[in-house]
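Trainee: Pasting the sequence and the predicted coordinates here, then a few questions.
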Amino acid sequence: MFDLIIRGGTLPDGTVTDIGIRGDRIAAVEDLSAAEASDVIDAVGDLVSPPFVDPHFHMDATLSYGTPRVNASGTLLEGIGLWGELRDLASTDALIDRALSYCDWAVSMGLLTIRSHVDTTPDHLRGVEAMLEVKRRVAPYLDLQLVAFPQDGLLRTPTGLENVTRALDMGVDVVGGIPHFERTMADGAESVRILCEMAADRGLPVDMHCDETDDPLSRHIETLAAETTRLGLQGRVAGSHLTSMHSMDNYYVSKLLPLMAEAQIAAIPNPLINIVLQGRHDSYPKRRGLTRVREMLAAGIEVGWGQDCVLDPWYSLGTADMLDVAFMGLHVAQMTHPTEMARCFDMVTGANARILGLTDYGLQPGRLASLVVLDAATPTEALRLRPARLAVVSKGRVVSRQARGTGELTLPGRPSQVSRRHQASGDKG
Ligand code: FE2
């Protein structure tokens, strides 16, 4: 007897199976046609995946688009300036309300773990206080990791270092940084050294905004790799964005990638944001700004797609759908081979779970019973259609249901009904 059975779904690797759940655990992944359950979800013909994971987000800024005004230049720097005004205007309650709304969106999309940076620049630390409260409230259905993020610079602001320390003392999980925004390249390198030592002392992971520019000489990822190795932090460090790598000299990159692999640094590009923020100073040709994803994967570096922003001072769109993120990443990185498209799906599920150190993740017996049922047959079809999340199960509980999308087409001599499902590639009815 199970509490819940997901019947007949197709796993990302193509296996067709039932999944039996008891309490908050996956109890069986096998043919359960003779078994009974209190609740059954029919997933025949549907993709059943471990939940989506977002390794890079800004939940303190989300759903604030247009407040106090829109980002007219579309640049990273104007976005930072706008956020600098907004973070002192927003009350703790307003920050909590916006973040909880975003978490609702995330759950409905099957996104059940999010690593969010939280700005530690203002001395009031209202954002940190608010995000810790949000983390506590959503914990029954969504796991939130928080990164202490000195948005205006660790050394560039008088209380930068003190406030990162305070945030970590309050319970923030990960050490963040922004070396390319410090006053000088030397200060940037010094900030990386200080923050990595802080992480080593406290036994915490590191996730830095690193080289988020078009400057081919912004090379803080090199320092981050060197500090990771020096301090024995291998496997605990991520570099987010790394957009300058797009513009670096090829010979230099041929030296850099093995250093990153040796340090076991993970890379978190954020394609929706990178493609709109980078290249803004270019005429034509305009650089894409996305880091070198295929080359890093070939070098054995773990790479996962991040969302970064939804409706905030940096990005005017977004839906909490990690399939949108992977879809954009696939295009900009030109990862169109079938194996690369399958990899892109993994880069919003399994790879991100590894980057975030989620040891209880995956559709194996004994693991946490969290999954998403998609109206698609395969991971590649899910990327193409970005279809309805028919059911989302979090920690054994069904937390979201959605009907299959339908629409009516009334053409003479043609089928009278069409849905996204009928745009499937033919391997299901
Ligand atoms: Fe970010």
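Mentor: Good, I have the coordinates. Numbers count the residues shown, from 1 in each chain.

Trainee: how near is the spatially most central residue of the chain to Pro205?
Mentor: For the chain, the residue nearest the mean C-alpha position is Asp54 (2.2 Å; C-alpha atoms, centre = their mean). Distance, Asp54 to Pro205, using C-beta to C-beta, to the nearest Å: 16 Å. The C-beta positions use only the backbone N, C-alpha and C, and glycine is treated the same way.

Trainee: Domain map for this structure?
Mentor: What the record gives for the chain is the domain set 2-50+363-418, 52-355, from automatic domain parsing.

Trainee: looking at the ones you listed, which is buried most?
Mentor: domain 52-355 (a mean of 21; mean count of other C-beta atoms under 10 Å).

Trainee: Check the average confidence over stretch 284-293, would you?
Mentor: Mean pLDDT, taken over the full extent of stretch 284-293, equals 96.

Trainee: Actually, stretch 265-280.
Mentor: Taken as a whole, stretch 265-280 has a mean pLDDT of 97.

Trainee: same check, this time on stretch 133-143
Mentor: On average, stretch 133-143 scores 98.

Trainee: right, and Leu86 touches Pro68 too?
Mentor: Yes. With contacts counted by C-beta atoms under 8 Å, Leu86 reaches Pro68, the gap being 6.3 Å.

Trainee: tell me the secondary structure for the closest residue to Lys135 other than its chain neighbours?
Mentor: When the adjacent residues along the chain are set aside, Lys135 lies closest to Leu144, with 4.2 Å between them (C-beta to C-beta, 6 or more residues apart in numbering). Classification of Leu144 using DSSP: H, G, I helix; E, B strand; the rest coil returns strand.

Trainee: wait, Leu144 sits on Met131?
Mentor: Yes. Assessed by C-beta under 8 Å, Leu144 is found in contact with Met131 at 7.5 Å.

Trainee: Overlap of the contact sets of the two?
Mentor: Residues touching both Leu144 and Met131 (C-beta atoms under 8 Å, 6 or more residues apart in numbering) are Met59, Ser116.

Trainee: per-residue confidence at His422?
Mentor: pLDDT, His422: 54.

Trainee: Strands of the stretch 251-400 of the chain, start to end?
Mentor: In the stretch 251-400 of the chain, the strands defined using DSSP state E, counting those that start in this stretch lie at 266-268, 371-374, 389-394, 397-401.

Trainee: Export these as a markdown table, with columns for distance to Arg292.
Mentor: Formatted as a markdown table, these follow (distance: least, C-beta to C-beta, whole Å):
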| stretch | distance to Arg292 |
| --- | --- |
| strand 266-268 | 9 |
| strand 371-374 | 30 |
| strand 389-394 | 32 |
| strand 397-401 | 36 |
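
Trainee: Tell me which of those sits nearest to Ala90.
Mentor: In terms of C-beta to C-beta, the element of these nearest to Ala90 is strand 266-268, at 25.8 Å.

Trainee: Show residues contacting that closest one.
Mentor: Around strand 266-268, the neighbours that count as contacts under C-beta under 8 Å, 6+ apart are 55-56, 207, 237-242, 260, 291, 293, 296, 301-306, 354-355.
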